[in-house]
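Trainee: Following is a predicted model, sequence given first.
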Amino acid sequence: MKPTEILIKEHDAILIMLNILEKVCHRLDKGEHVKETDLEKIIEFFKEFADKCHHGKEEDLLFPALEEYGIPNEGGPIGVMLSEHVIGRENVKGMSDAIANYKKGKESAPEEFIRYAMNYIALLTEHIDKENNILFVMADKHIPEERQRSLLIDFERAEEEKIGPGVHEKYHKLLDELSVVYLNNHDCQCHCDHL
């Protein structure tokens, strides 16, 4: 397995959660109640799994390896991906703040949440497409096999250090649970070996 294949499988899981987030937004937009705990779990997934674990592997390991083999950061695709990670974090913070307001009963909170969530969905969907179809293709082409094997080892170590053992399983279970509630699925079908 290549490092990019692991990242693509993680993207699949993130796309499922983005789909769940979109369904949550539709419910909020119709004035339906959404459990605060569900909102908090979704945000936790994006903070811990999508950002800390997934983006962490990209920023700390894959992107430097790409630079090592001639793909520029400044003015290149890596710089674009990094700036989109920053924008994504801002949207997650906006959603998190909106949840705090939602819990306090602030009337505009659902609208705030929806605005940040829809921005995040659009950003990450396009971002994932660019990584899967452009950046990861470059990585597979430019990073030698031996270096890719060492990246796999680094990925495992990073996961253990950043999020700890059993956390992937926890998020897989969360995807399954929320898929039943919001996607009417009995299994999220993310097929993510590491999740």
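Mentor: Received, thanks. Residues are numbered from 1 along each chain as shown.
Trainee: distance between stretch 22-29 and the chain's centre?
Mentor: Averaging C-alpha positions (CA atoms, centre = their mean, to the nearest Å) puts stretch 22-29 19 Å from its chain's average.
Trainee: Outside of it itself, list whatever touches it.
Mentor: With CB atoms under 8 Å, 6 or more residues apart in numbering as the test, stretch 22-29 has contacts from 33-34, 38-39, 42, 110, 113-114, 117-118, 121, 182-183. In short, each C-beta sits where N, CA and C put it, glycine included.
Trainee: Return the closest of the residues you listed with respect to residue 174.
Mentor: Among those, residue 42 lies closest to residue 174 (CB to CB), at 8.6 Å.
Trainee: Tell me which helix or strand that closest one sits in.
Mentor: helix 36-44 (DSSP states H and E).
Trainee: can you give me the offset of that helix from its chain's centre?
Mentor: Worked out by CA atoms, centre = their mean, helix 36-44 lies 14 Å from the chain centre.
Trainee: Angles on the backbone of the residue nearest to residue 19 when sequence neighbours are not counted, please.
Mentor: Ranked by CB to CB, 6 or more residues apart in numbering and with sequence neighbours excluded, the top spatial neighbour of residue 19 is residue 183, at 6.4 Å. Note on residue 183: its backbone torsions stand at phi -110, psi 0 [degrees, to the nearest 10].
Trainee: Please work out how many residues are found near residue 183.
Mentor: Residue 183: 15 surrounding residues under other CB atoms under 10 Å.
Trainee: From residue 147, how far out is the residue positioned nearest the centre of the chain?
Mentor: What sits nearest the mean C-alpha location of the chain, by CA atoms, centre = their mean, is residue 50, with 2.9 Å. Note on residue 50: its distance to residue 147, by CB to CB, to the nearest Å, is 25 Å.
Trainee: What of residue 180?
Mentor: 41 Å.
Trainee: tell me the mean pLDDT over the helix or strand where residue 20 lies?
Mentor: Per DSSP H and E, residue 20 falls inside helix 3-29. What helix 3-29 shows for mean pLDDT is 97.
Trainee: That one versus helix 36-44: what angle between them?
Mentor: Here the directions of helix 3-29 and helix 36-44 differ by 150 degrees (axes from the mean of the first three to the mean of the last three CA atoms, to 10 degrees).
Trainee: follow-up on the earlier one: just the buried positions in the helix holding residue 42, please.
Mentor: By neighbour count on 16 or more other CB atoms under 10 Å, the buried set for helix 36-44 is 38-39, 41-43.
Trainee: got it, and stretch 118-127?
Mentor: Buried residues in stretch 118-127, counted by 16+ other CB under 10 Å: 119-121, 123-124, 127.
Trainee: Can you add secondary structure, pLDDT and distance to residue 161 and give those residues back as a markdown table?
Mentor: Converted to a markdown table, those look like this (DSSP: H, G, I helix; E, B strand; the rest coil; pLDDT from 0 to 100; distance: CB to CB, whole Å):
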| residue | secondary structure | pLDDT | distance to residue 161 |
| --- | --- | --- | --- |
| 119 | helix | 98 | 31 |
| 120 | helix | 98 | 26 |
| 121 | helix | 98 | 30 |
| 123 | helix | 98 | 27 |
| 124 | helix | 98 | 24 |
| 127 | helix | 97 | 25 |
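Trainee: Before I go, just wanted to say thanks for your time.
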